[in-house]
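K.L.:
coords below, sequence missing:
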């Protein structure tokens, strides 16, 4: 797909990316947080973490981490001073520049796949903090966007900016910019639908897909007569009640979850939530669409999930040719509630030999 983006003078060029407000993460020397005008009027904040320099790999740092699977909170450092501290997005340094990418935005030399993480409604890139840290230590290149209207991305006022077709087009443009020969897609909740769309549209480039709390192989359509049908100004008034209700249902035991995690789990504005919930219109994504996927897929499901039923996950297994499921004792926010289990499930699946793939009969409808 040809991507046409505007430069400062208003002229259009292929793969011309405008980087503004580059973030230098506090307490970390790794990764860039880039504010990219991915399409006209749509600025997406992207956390881009590239693999550790060769000197860190060669000195045995990451081999030791991989063998021990250490859960220590102390960030390891190599003799060159590199640190694997968590990336914190709380400082923005203005650094306007125009970068012309004739090919891909990614320039890292690692042979590992690029891992894309896509969050769901109300979330942000921060929800993937445990996974970013883990797979950074495993020396992967990582791309984590904030969906439009979420996190540090721009939030246009018009509702049509948040339809599934518009948001999925954002993700396709982003994928085309950062993708390499081999790419892994990981989505949570509504983000899983974007991963399915990407796997379908870019099947030759997507090697594996992990869907966390993603639901069944059904078309999407806005639900009638639900709370998000109320006008946005009314939602603004009752948003604290909505957020508290979400937190109580999203986590297996909210009292055991860090306050910051709970705050980040559903933290978009009322107007964005209103537009997102009413923009989930994807008639194309039915069982036949899912059945056409030929990419190995792992489903990760929290056994205490109050939003997604396990029957929906079983329907995915029956529909998709190469699909399997792993369950975790958690709620809907599995990657925050059980990060170590989720990380190892993803890691094992990524490194699974092709001969271990699960191949089922192709369903007919």
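P.N.:
Structure's in. What do you need? On a predicted model such as this, the values are computed, not experimentally measured, just so you know. Residues are numbered from 1 along each chain as shown.
K.L.:
use CA for all of it now, contacts and neighbours both
P.N.:
Noted.
K.L.:
ranges for the strands of this protein?
P.N.:
Taking DSSP state E, the strands of the chain run over residues 4-6, 12-14, 16-23, 32-39, 42-49, 97-100, 114-118, 141-145, 183-188, 206-212, 297-302, 323-328.
K.L.:
Where among these is average confidence lowest?
P.N.:
Among those, strand 97-100 carries the lowest mean pLDDT, a mean of 30.
K.L.:
could the strands of the chain go into TSV alongside mean neighbour count and distance to residue 124?
P.N.:
As requested, the strands of the chain are exported to TSV (neighbours: other C-alpha atoms under 10 Å; distance: least, C-alpha to C-alpha, whole Å):
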stretch	mean neighbour count	distance to residue 124
strand 4-6	18	24
strand 12-14	14	28
strand 16-23	20	16
strand 32-39	22	13
strand 42-49	24	10
strand 97-100	14	25
strand 114-118	26	8
strand 141-145	27	8
strand 183-188	24	11
strand 206-212	24	15
strand 297-302	25	19
strand 323-328	18	22
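K.L.:
Those strands into CSV, with extra columns for distance to residue 128?
P.N.:
Supplementary listing: these in CSV, determined by distance: least, C-alpha to C-alpha, whole Å:
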stretch, distance to residue 128
strand 4-6, 28
strand 12-14, 31
strand 16-23, 18
strand 32-39, 14
strand 42-49, 11
strand 97-100, 27
strand 114-118, 7
strand 141-145, 8
strand 183-188, 10
strand 206-212, 12
strand 297-302, 15
strand 323-328, 17
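K.L.:
Can you check which of those gets nearest to residue 224?
P.N.:
Each of the strands of the chain was scored for nearness to residue 224 using C-alpha to C-alpha, and the closest is strand 183-188 (23.4 Å).
K.L.:
got the angle between that closest one and strand 141-145?
P.N.:
Counting by axes from the mean of the first three to the mean of the last three C-alpha atoms, to 10 degrees, strand 183-188 points 40 degrees away from the direction of strand 141-145.
K.L.:
Walk me through which strands strand 183-188 pairs with, and which way each runs.
P.N.:
According to DSSP bridges, strand 183-188 forms sheet pairs with strand 114-118 (parallel), strand 206-212 (parallel).
K.L.:
who's in contact with it?
P.N.:
By C-alpha atoms under 8 Å, 6 or more residues apart in numbering, the list of residues contacting strand 183-188 from outside reads 113-120, 192-195, 199, 205-214, 350.
K.L.:
Can you spell out which helices and strands pack onto the longest helix along the chain?
P.N.:
Using DSSP state H to assign secondary structure, the helix with the most residues in the chain is helix 232-250. In terms of contacts (3 or more C-alpha pairs under 8 Å, 6 or more residues apart in numbering; DSSP states H and E), helix 232-250 is packed against helix 270-278.
K.L.:
Any buried residues in the helix it packs on, and which?
P.N.:
Of all the residues in helix 270-278, those buried under the rule 16 or more other C-alpha atoms under 10 Å are 270-278.
K.L.:
Take the residues you listed and write them to JSON lines, including distance to residue 226 and pLDDT.
P.N.:
Converted to JSON lines, the buried residues of helix 270-278 look like this (distance: C-alpha to C-alpha, whole Å; pLDDT from 0 to 100):
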{"residue": "270", "distance to residue 226": "14", "pLDDT": "92"}
{"residue": "271", "distance to residue 226": "15", "pLDDT": "93"}
{"residue": "272", "distance to residue 226": "16", "pLDDT": "95"}
{"residue": "273", "distance to residue 226": "13", "pLDDT": "93"}
{"residue": "274", "distance to residue 226": "11", "pLDDT": "91"}
{"residue": "275", "distance to residue 226": "13", "pLDDT": "93"}
{"residue": "276", "distance to residue 226": "13", "pLDDT": "95"}
{"residue": "277", "distance to residue 226": "10", "pLDDT": "92"}
{"residue": "278", "distance to residue 226": "10", "pLDDT": "92"}
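K.L.:
Format those as a markdown table; extra columns: distance to residue 187.
P.N.:
Shown next, in a markdown table, are those (distance: C-alpha to C-alpha, whole Å):
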| residue | distance to residue 187 |
| --- | --- |
| 270 | 23 |
| 271 | 23 |
| 272 | 20 |
| 273 | 19 |
| 274 | 21 |
| 275 | 20 |
| 276 | 16 |
| 277 | 17 |
| 278 | 20 |
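K.L.:
low-scoring stretches of the stretch 201-350 of the chain, by residue?
P.N.:
Counting by pLDDT under 70, the stretch 201-350 of the chain contains low-confidence ranges at 225.
K.L.:
can you tell which of the strands of the chain is closest to residue 262?
P.N.:
Scanning the strands of the chain with C-alpha to C-alpha as the criterion, the closest one proves to be strand 183-188, at 15.5 Å.
K.L.:
Now do that closest one and strand 297-302, the angle between them.
P.N.:
30 degrees.
K.L.:
Pull the distance from strand 183-188 to the chain's centre.
P.N.:
Here the centre of mass of C-alpha atoms in strand 183-188, compared against the chain's by C-alpha atoms, centre = their mean, to the nearest Å, lies 6 Å away.
K.L.:
Equivalent analysis for stretch 132-150, please.
P.N.:
When C-alpha coordinates are averaged (C-alpha atoms, centre = their mean), stretch 132-150 and its chain have centres 7 Å apart.
K.L.:
just stretch 207-226 next, same as before
P.N.:
When C-alpha coordinates are averaged (C-alpha atoms, centre = their mean), stretch 207-226 and its chain have centres 14 Å apart.
K.L.:
doesn't residue 274 make contact with residue 163?
P.N.:
No. The criterion here is C-alpha atoms under 8 Å, and residue 163 misses it with residue 274 at 11.1 Å.
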